[in-house]
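> here is a sequence with its predicted model. Questions after.
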Amino acid sequence: MKWGGEGGAKMSRTLPSQRDFEDIRKEARELLYDLRRWDAAALRRHYWLDCEAGKFPARLADAQYIVAREYGYRSWQKLKQRLETDLQEISTSALARKS
């Protein structure tokens, strides 16, 4: 784990260029399922970001936040915006090549 410039812990995961938002959304839902099953690895991931982890029932927003922070983004919304921007750039690039 590294410390990010945003003042919080940041996992050293890199966002693969081939992943789209649907893949990341599915990852968050799988993490939520694991958190609700009290999976040790999932709880460790949560605890790195929130010392209150496990004291309250896990919510989808918790899983989304964990995934976003692990990829180095402040929030789920910022991660989503990045993925949508990447998708638009890929689409624009593909259209330009066809012209």
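Ah, there it is.
> okay, strands next: where are they in the protein?
Under the criterion DSSP state E, strands of the chain are mapped to 2-3, 9-10.
> compare the mean pLDDT across those and name the weakest.
Among the strands of the chain, strand 2-3 has the lowest mean pLDDT, at a mean of 40.
> got a pLDDT number for Leu35?
96.
> ok, it to Tyr73 distance?
Using Cβ to Cβ, to the nearest Å, one gets 19 Å for the distance from Leu35 to Tyr73. (C-beta placed from N, C-alpha, C; glycine too.)
> go on, Gln18?
Gln18 is 18 Å from Tyr73, by Cβ to Cβ.
> what is the burial count for Thr85?
Residues within reach of Thr85, counting by other Cβ atoms under 10 Å, total 10.
> now Arg44
When neighbours are counted by other Cβ under 10 Å, Arg44 comes out with 10.
> what sits against it?
With contact set as Cβ atoms under 8 Å, 6 or more residues apart in numbering, Arg44 has no partners.
> on the pLDDT front, check the nearest residue to Lys80 once chain neighbours are set aside for me.
Among residues not flanking Lys80 along the chain, Phe21 sits closest, at 6.0 Å (Cβ to Cβ, 6 or more residues apart in numbering). Note on Phe21: pLDDT of 88.
> what distance do you get for Ala68 to Pro57?
Noted for Ala68: a distance of 20 Å to Pro57, by Cβ to Cβ.
> let me fix that: Ser17
In terms of Cβ to Cβ, Ser17 sits 35 Å off from Pro57.
> pLDDT weak spots in the chain?
Scanning the chain for pLDDT under 70 picks out 1-12, 87-99.
> which parts of it are helices?
Assigned by DSSP state H, the chain shows helices spanning 21-36, 40-49, 60-70, 76-98.
> tabulate the ones you listed (JSON lines), appending distance to Arg13.
Shown next, in JSON lines, are the helices of the chain (distance: least, Cβ to Cβ, whole Å):
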{"stretch": "helix 21-36", "distance to Arg13": "10"}
{"stretch": "helix 40-49", "distance to Arg13": "11"}
{"stretch": "helix 60-70", "distance to Arg13": "5"}
{"stretch": "helix 76-98", "distance to Arg13": "11"}
